[in-house]
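A.B. asks: Sequence and predicted structure, then a few things I'm wondering about:
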Amino acid sequence: MIPLDVELTEWGAAYLNATNIFKEITTTQKYHYKTDYKAGDVYKSQLWELILEFKDGIRFDKEKAFNKLKKVIDQ
């Protein structure tokens, strides 16, 4: 597993919020999704989760969804 941190851009935060609102509306599970991301927030994830989360959010006509990608090294 490769843990990562990224800094969300305005587009990345809007994309995550919209995606999570949709998940809350359409899921039958009693799970609460975070819907208050904002630009500059640090999003922590595994590499494969990051790819899946933003697979439809990375577009040429939009700004980058995130920046400052860095691998988290356990110390």
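C.D. replies: In hand now; what should we look at?
A.B. asks: Check which residues of the top helix by length along the chain are buried.
C.D. replies: Of all the segments of type helix in the chain, defined by DSSP state H, the longest one is helix 10-26. Of the residues in helix 10-26, Trp11, Gly12, Ala13, Ala14, Tyr15, Leu16, Asn17, Thr19, Asn20 count as buried by neighbour count, 16 or more other Cβ atoms under 10 Å. Where C-beta positions appear, they are placed from N, C-alpha and C, glycine not excepted.
A.B. asks: The residue lying closest to the second one once chain neighbours are set aside: what's it in contact with?
C.D. replies: In other words, Gly12. In this structure, Gly12 finds its nearest non-sequential neighbour in Ala65, 3.6 Å apart by Cβ to Cβ, 6 or more residues apart in numbering. By Cβ atoms under 8 Å, 6 or more residues apart in numbering, Ala65 lies in contact with Leu8, Thr9, Trp11, Gly12, Tyr15, Phe54, Gly57, Ile58.
A.B. asks: Among these, which one sits closest to Lys70?
C.D. replies: Checking the contacts of Ala65 against Lys70 with Cβ to Cβ, the nearest one is Leu8 at 13.6 Å.
A.B. asks: Surely that closest one touches Lys38?
C.D. replies: Yes. With contacts counted by Cβ atoms under 8 Å, Leu8 reaches Lys38, the gap being 7.4 Å.
A.B. asks: neighbour-wise, which of these two wins?
C.D. replies: Neighbours per residue, other Cβ atoms under 10 Å: of Leu8 and Lys38, the larger number sits with Leu8, 23 against 11.
A.B. asks: Next one: that one from Ile51, what distance?
C.D. replies: From Leu8 across to Ile51, the span is 15 Å (Cβ to Cβ, to the nearest Å).
A.B. asks: In the protein, what residue spans correspond to helices?
C.D. replies: Using DSSP H, helices in the chain cover 10-26, 47-53.
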